[in-house]
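[1] I'd like to go over a predicted model; first the sequence, then the structure.
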2 protein chains.
Amino acid sequence: MKRNRKAITIQDVAKAAGVSVSTVSRVLNNKDDVAFDTYKKVKQVIDELRYSSSLAARGMRSHHTNVIGLIMPDVASSFCHVIMRGVNRAISKLDKDLLIYTSGGGQKENIALHEQSYVALLNGGITDGIIVVTPTATNFVTHAPVVIVDPNNESPDYPSICATNREGALAAMNYLTGLGHRRIGYITGRMELVSANQRLQGYKDGLTAAGIPIDEELIGIGDYSVERAYQCARKLLSLPDRPTAIFAANDMSALGVYQAAKEAGLIIPRDLSVVGFDNLNDSALMVPALTTVDQFVEEIGTIAIEMINKLINDEKLKCKQHIVQTQLVVRDSCSPVQHN
Amino acid sequence: MKRNRKAITIQDVAKAAGVSVSTVSRVLNNKDDVAFDTYKKVKQVIDELRYSSSLAARGMRSHHTNVIGLIMPDVASSFCHVIMRGVNRAISKLDKDLLIYTSGGGQKENIALHEQSYVALLNGGITDGIIVVTPTATNFVTHAPVVIVDPNNESPDYPSICATNREGALAAMNYLTGLGHRRIGYITGRMELVSANQRLQGYKDGLTAAGIPIDEELIGIGDYSVERAYQCARKLLSLPDRPTAIFAANDMSALGVYQAAKEAGLIIPRDLSVVGFDNLNDSALMVPALTTVDQFVEEIGTIAIEMINKLINDEKLKCKQHIVQTQLVVRDSCSPVQHN
DNA sequence: CTGTTAGCGCGTTCAA
DNA sequence: TTGAACGCGCTAACAG
């Protein structure tokens, strides 16, 4: 491999083709006022030199780059993967490119700063718009549009996408109470996010609807991670009057419950019913297959792209807050409550 | 939210602070030849205006950006996640930033083109160096350094990182043959990659070492995906003289085997032993916990960053091809062969 | 210590 | 239809 220390510029192409830089520029941008012969020749030289114009310079000059930025809280979670997949698929139909940044891996404190500095970074002429997923930061400095997936409670009203979290959680709870469960534990998500609050609300509403009083002891504060959920589940399962079912705020947390249950010698669903939220790929593969609330994460990614794209094109959004319907998916992780 | 259509530039800061742009630039880059008072004032104005310098312009001018690019084949696989995690962690200690691009989601044919266009894009002044993971493309045009994780067979000798795949696979095979297995199925990885070939070789060497002839019928061609592996496993398990053990080229493929086994009514490990490769988080959570070969993926990500960083600093690499040791991790998915 | 000047690579006028 | 000149936002060289 030859590592050409110097990049080839539009100038090199112009020289090699015997034309001026502006002509090359015209060819690059498919302007139609170029003689076909010139066009052909320049094209050929471009290929030969394997020239590719500099995103930096292009963006700086023309103030748009056809690149969309995506800022994710982490890379460990399936949720993020699926978002990425949706985003990626939608964008490939748009003839735009995608640049991703991850703010994870740092301290909680720094994440917000990272997020903010990254929207600034991406905005420095290399990105036309940015999608931020489950932000820790509440505010961003940007001159390009921003769309938020699952916004922070404190966020000003950026355009955003959210699922019907409360309704989904409620459906799950109705299912559980319908099976006869009355001691139902709950493990929350990252409570600074709108989604986590809505799901918790759905849990509470579900109890109320079934005439079951809310027992704060049955609510563990999680953060959408396996580890945290595992800790919460351990605590719940060691309660004197332990719950017969646990509703976890996302599938990862349900996985934590599985672990804790296994450790406690409890068989799911015989001894403990479990419901998750998200319906990512993993949930169908878990043993037993996890009953969960589908929030069509991939679709969320797709919609995010559509929204940001409209914003970039200065089109109006039909609604600033886009709502995605959730849906309960029943699998094998729940059973009627055992009386013995 | 106010969306300032016009970004604030270094000029605005200079004007507001009553100094020249170069002074602002000095402050930004922490040059030490600035009077403390001036420094303080400029800093303050920067904060007030919430100014953040443009990566594009900066990169174009100074020819380095402190940003490293990462190009990944997909986002669906845990492998990629873990790589990202390792990369992310290593980079946070370096005071550099990371930009990720995913070439996945497209047709096989296009992936290579995507990869190539992306190294060109990232190289256009916005990235100091690039890491490419399991490339489909074999060649890249770039003036900045490139490091490859798990290179393509056809790749020219870019600096790269690879695990001791053959040795790891051999260890797994020795373990299986040690348990008495003689009909051992194998599901390959993406055969255009060095890793996949080496693992297959380890499988074959393992058989040979145990005096077992190689039966091509027992080798299914996978691609590191769950789906493909599932298909292969189905075929293997429906063989008249079906294998008593299946070695899958990665953990995802092992998951596919689990599915096929379940469908066929086979209990792991009683009726079928399974070994994977990678040891990603998932493998410990599978039921039964998967015996697999750890290839320290997170460490690979870390090393990739170290390598690209040296290259960026024009330091010499100790070795162009970095080798990471693999190690067999025994869990619950294998048992001695049953004679009945 | 600070300001002035000259580009980085590119797209976009405006003339020719 | 093409080319020359200008400026995007920034840093580095050189003056002062």
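    Okay, I see it.
[2] Show me what stretch A:146-157 is in contact with.
    Identification of contacts with stretch A:146-157 by C-beta atoms under 8 Å, 6 or more residues apart in numbering or on different chains yields A:83, A:119, A:129-140, A:158-162, A:192-195, A:197, A:300-301, A:304, A:307-308, A:311, A:320-321, B:1. (Glycine included, C-beta is placed from N, CA and C.)
[3] now that stretch, how far from the chain's geometric center?
    Stretch A:146-157 sits 12 Å away from the centroid of its parent chain (C-alpha atoms, centre = their mean, to the nearest Å).
[4] buried residues in it?
    A:146-152, A:155 (16 or more other C-beta atoms under 10 Å in any protein chain shown).
[5] From the opening residue of it to its closing one, how far?
    11 Å (C-alpha to C-alpha, to the nearest Å).
[6] What segments of the stretch 51-200 of chain A are strands?
    In the stretch 51-200 of chain A, the strands defined using DSSP state E, counting those that start in this stretch lie at A:67-72, A:97-102, A:129-133, A:146-149, A:160-163, A:184-187.
[7] can you put these in CSV and add distance to DNA strand D and mean pLDDT?
    Shown next, in CSV, are the strands of the stretch 51-200 of chain A (distance: least, C-beta to the nearest atom of the strand, whole Å; pLDDT from 0 to 100):
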stretch, distance to DNA strand D, mean pLDDT
strand A:67-72, 17, 91
strand A:97-102, 19, 86
strand A:129-133, 17, 94
strand A:146-149, 19, 96
strand A:160-163, 28, 96
strand A:184-187, 45, 98
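[8] quick one, which of these is packed in tightest?
    strand A:184-187 (a mean of 28; mean count of other C-beta atoms under 10 Å in any protein chain shown).
[9] Most proximal residue of the stretch 101-250 of chain A with respect to DNA strand C?
    Here the stretch 101-250 of chain A gets closest to DNA strand C at one residue, residue A:125, 9.6 Å apart by C-beta to the nearest atom of the strand.
[10] how near is whichever residue of the stretch 51-200 of chain A sits closest to DNA strand D to chain B?
    Nearest residue of the stretch 51-200 of chain A to DNA strand D: residue A:61, at 3.8 Å (C-beta to the nearest atom of the strand). From residue A:61 across to chain B, the span is 9 Å (C-beta to the nearest C-beta, to the nearest Å).
[11] With residue A:201 instead?
    Using C-beta to the nearest C-beta, residue A:201 is found at 26 Å from chain B.
[12] The closest residue to that residue other than its chain neighbours - how many residues pack around it?
    Closest residue to residue A:201 apart from its sequence neighbours, by C-beta to C-beta, 6 or more residues apart in numbering or on different chains: residue A:166 at 5.0 Å. Neighbour count of residue A:166, defined by other C-beta atoms under 10 Å in any protein chain shown: 20.
[13] residues touching the residue lying closest to residue A:215 once chain neighbours are set aside, list them.
    Computed as C-beta to C-beta, 6+ apart, the closest residue to residue A:215 that is not its neighbour in sequence is residue A:183, at 7.9 Å. Counting by C-beta under 8 Å, 6+ apart, residue A:183 touches A:215, A:218, A:241-245.
[14] again, 10 Å this time
    For residue A:183, the contact set (C-beta atoms under 10 Å, 6 or more residues apart in numbering or on different chains) comprises A:212, A:215, A:218, A:236, A:239, A:241-246, A:337.
[15] do residue A:177 as well
    Counting by C-beta under 10 Å, 6+ apart, residue A:177 makes contact with A:184, A:206-207, A:209-212, A:245, A:337.
[16] so how far is stretch A:179-195 off the chain centroid?
    The answer for stretch A:179-195 is 20 Å, by C-alpha atoms, centre = their mean.
[17] and what of stretch A:152-161?
    Here stretch A:152-161 is found 14 Å from its chain centre; the criterion is C-alpha atoms, centre = their mean.
[18] Endpoints of that stretch, how far apart?
    Start-to-end, stretch A:152-161 (C-alpha to C-alpha) is 11 Å.
[19] Up against DNA strand D, what does the stretch 51-200 of chain A have?
    Contacts of the stretch 51-200 of chain A with DNA strand D, taken as C-beta under 7 Å from any atom of the strand, map to A:57, A:60-61, A:124-125.
[20] Quick check: which of those has the minimum pLDDT.
    Across these, the bottom pLDDT score, 75, is held by residue A:124.
[21] Give me the distance between the residue lying closest to residue A:307 once chain neighbours are set aside and residue A:82.
    Leaving out its chain neighbours, the residue that sits closest to residue A:307 by C-beta to C-beta, 6+ apart is residue A:147, at 4.8 Å. Applying C-beta to C-beta, to the nearest Å, the value for residue A:147 to residue A:82 is 17 Å.
[22] do residue A:276 as well
    14 Å.
[23] Now do the shared contacts for these two.
    Shared contacts of residue A:276 and residue A:82, counting by C-beta under 10 Å, 6+ apart, come down to residue A:282.
[24] burial count for residue A:321?
    Residues contacting residue A:321 under the criterion other C-beta under 10 Å number 14.
[25] list the contacts for it?
    By C-beta under 10 Å, 6+ apart, the residues touching residue A:321 are A:148, A:151, A:157-162, A:194.
[26] if you set the cut-off to 8 Å instead, what comes out?
    A:157, A:159-162.
[27] returning to what we had before: so the residue of the stretch 101-250 of chain A closest to DNA strand C makes contact with residue A:67?
    No: using C-beta atoms under 8 Å, residue A:125 makes no contact with residue A:67, being 10.0 Å away.
[28] Find residues that contact each of the two.
    Joint contacts of residue A:125 and residue A:67 (C-beta under 8 Å, 6+ apart) are residue A:59.
[29] right, is the least confident helix or strand in chain A by mean pLDDT up against chain B?
    Ranked by mean pLDDT, DSSP states H and E, the helix or strand of chain A with the weakest confidence is helix A:108-123, at a mean of 80. Yes: using C-beta under 8 Å from any C-beta of the partner chain, helix A:108-123 reaches chain B at A:117-118, A:120-123.
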